[in-house]
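J.: 3D, please:
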Amino acid sequence: MSQQNRTKIIGLISIVLISTAATTGVVFIKNMQSGPQSYGPNLVGSTNATTSSPAPVSSANYKDGVYTATGSFYTPSGDEQIGVTVTLAGNNITNVSIDDSSIYSGTSFAYTDQFAHGINAAVDGKNIDTVNVSRVSGASLTPMAFNSALDTIKNNARV
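T.: Numbering: from 1, shown residues only. Next up is the predicted model:
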């Protein structure tokens with residue numbers, strides 16, 4: 001093989017390697033901008049809601065009323081917080097609303113919004129002591145904040 005052919009082959013291989021590295025870098029950057037994939041699949045529009053095995057119903061009694069607490073979760077963008085408002089009647093959750101106005105990451109907002117639209121279906125009518133949300137509409141971090149806020153609400157509502 002002549003020196004000129006070797007130079008052409010090395011040049012072609014170099015171009016392929018540089019193109020592959022550039023493509024990989026672009027894909028990596030786009031994935032980082034859209035959020036880490038390890039935080040759960042993007043189930044936009046999904047209405048699935050799962051709760052972990054319910055805790056045994058305690059003998060605690062809770063005062064009927066509307067209670068609000070804040071829960072937080074950590075993302076690569078930083079700490080995020082949601083406000084949780086729960087209406088209790090006879091120890092049961094009758095309504096939930098989520099205040100996601102402090103969410104600043106686009107990815108977190110999308111998942112939190114999905115969560116906010118699916119949480120009532122997951123917990124409505126359930127005894128507050130049996131609720132431990134693990135995933136709602138694709139959101140896997142927001143439930144941690146919800147459960148934390150729910151613990152605060154339980155402490156505040158306990159008779």
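J.: per-domain residue ranges of this structure.
T.: Under the assignment automatic domain parsing, the domains of the chain span 3-34, 49-157.
J.: lowest-confidence stretch among those domains?
T.: Of all these, the minimum mean pLDDT falls on domain 3-34 (a mean of 68).
J.: List the contacts of Val123.
T.: Shown in contact with Val123 (CB atoms under 8 Å, 6 or more residues apart in numbering): 51, 93, 96, 131, 133. For the C-beta atoms, the positions are set from N, CA and C on the backbone; glycine is no exception.
J.: TSV for those, including secondary structure and distance to Arg6?
T.: As requested, those are exported to TSV (DSSP: H, G, I helix; E, B strand; the rest coil; distance: CB to CB, whole Å):
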residue	secondary structure	distance to Arg6
Thr51	strand	65
Ile93	strand	73
Val96	strand	69
Val131	coil	69
Val133	strand	63
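J.: hmm, which of these are the buried ones?
T.: Buried members of the contacts of Val123, counted by 16 or more other CB atoms under 10 Å: 51, 93, 96, 131, 133.
J.: Now the two most distant members of those residues.
T.: Farthest-apart pair in those is Thr51 and Val96; separation 13.0 Å (CB to CB).
J.: From Ile13, how far out is Arg6?
T.: Distance, Arg6 to Ile13, by CB to CB, to the nearest Å: 11 Å.
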